[in-house]
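Novice: Following is a predicted model, sequence given first.
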Amino acid sequence: MRHRNKVNNLSRTSAHRNAMLSNMAASLILHKRITTTVAKAKALRGYVEPLITKSKDDSTHSRRMVFRLLQNKFAVSELFREISVKVADRPGGYTRIIKLGTRQGDNAEMCMMELVDFNENLLGKETVAKKAKTTRRRATRKTTVKSEQTAKETAQPAAEKEAETDTNE
């Protein structure tokens, strides 16, 4: 029985698992999106999200704690410079897992893991939706505008008919 064993071992030793998660976390931070298996992505989510939370506090101590786990100075600088700025107001849930289907060779469930605030396609749709929102107006104003337009249109043909009868005489 697996009582109180919450870590998914991923069929690896602890040193291999920690090294793999560190490399995957660095790749996710640098590239903003990686493709992996669902089991590895779920394990990586529990590894990366505390690091992103620590990056919100840009201090020497938090940088050293993050570097201790990542072992990649480029990933640490990217995390503290760009990612922490974008997720500053987000209370958690920095990653998204999108399932892609199964891998052809061994039928493993594959997924794409990405940082939430760095998907340009979804962010583009949200900004367009925000710009499209207009203020709400009362219906009476719209009807008066329409009634004025219809009144002008009905008045024009009558004026044209009078002008035609004047020219014929």
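Specialist: Thanks, I have it.

Novice: Going by C-alpha atoms from here, please, whenever you check contacts or count neighbours.
Specialist: Fine.

Novice: Could you break this structure into its assigned domains?
Specialist: Using automatic domain parsing, the domains assigned to the chain come out as 14-119, 137-169.

Novice: Deepest in the core, which of those domains is it.
Specialist: Comparing these by mean neighbour count (mean count of other C-alpha atoms under 10 Å), domain 14-119 ranks first with a mean of 16.

Novice: quick one: low-confidence parts of the protein?
Specialist: 123-134, 137-169 (pLDDT under 70).

Novice: re the thing from before, how about the domains of the chain in TSV, adding distance to N5?
Specialist: What follows is these, written out as TSV (distance: least, C-alpha to C-alpha, whole Å):
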stretch	distance to N5
domain 14-119	13
domain 137-169	59
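
Novice: Contacts for the strand or helix carrying A26 next, please.
Specialist: Here A26, judged by DSSP states H and E, is contained in helix 14-31. Applying C-alpha atoms under 8 Å, 6 or more residues apart in numbering, the external contacts of helix 14-31 come out as 9-10, 33-34, 43-44, 47-48, 69-72, 74-75, 78-79, 113-115.

Novice: Show me what T35 bridges to in the sheet.
Specialist: M112 (DSSP bridges).

Novice: any idea how far L21 is from it?
Specialist: 14 Å (C-alpha to C-alpha, to the nearest Å).

Novice: now C111
Specialist: Computed with C-alpha to C-alpha, the distance linking C111 and L21 is 16 Å.

Novice: how long is stretch 78-87 from one end to the other?
Specialist: 13 Å.

Novice: which residues sit against that stretch?
Specialist: I29, L30, I52, S55, K56, D58, R63, Y94, D117.

Novice: what do you get if the cut-off is 10 Å, keeping everything else the same?
Specialist: 26, 29-30, 32, 51-59, 62-63, 66, 73, 75-77, 90, 93-94, 115-118 (C-alpha atoms under 10 Å, 6 or more residues apart in numbering).

Novice: nearest spatial neighbour of L69, skipping sequence neighbours?
Specialist: Spatial nearest neighbour of L69, excluding adjacent residues (C-alpha to C-alpha, 6 or more residues apart in numbering): S22 at 6.4 Å.

Novice: Perfect, I'm done here.
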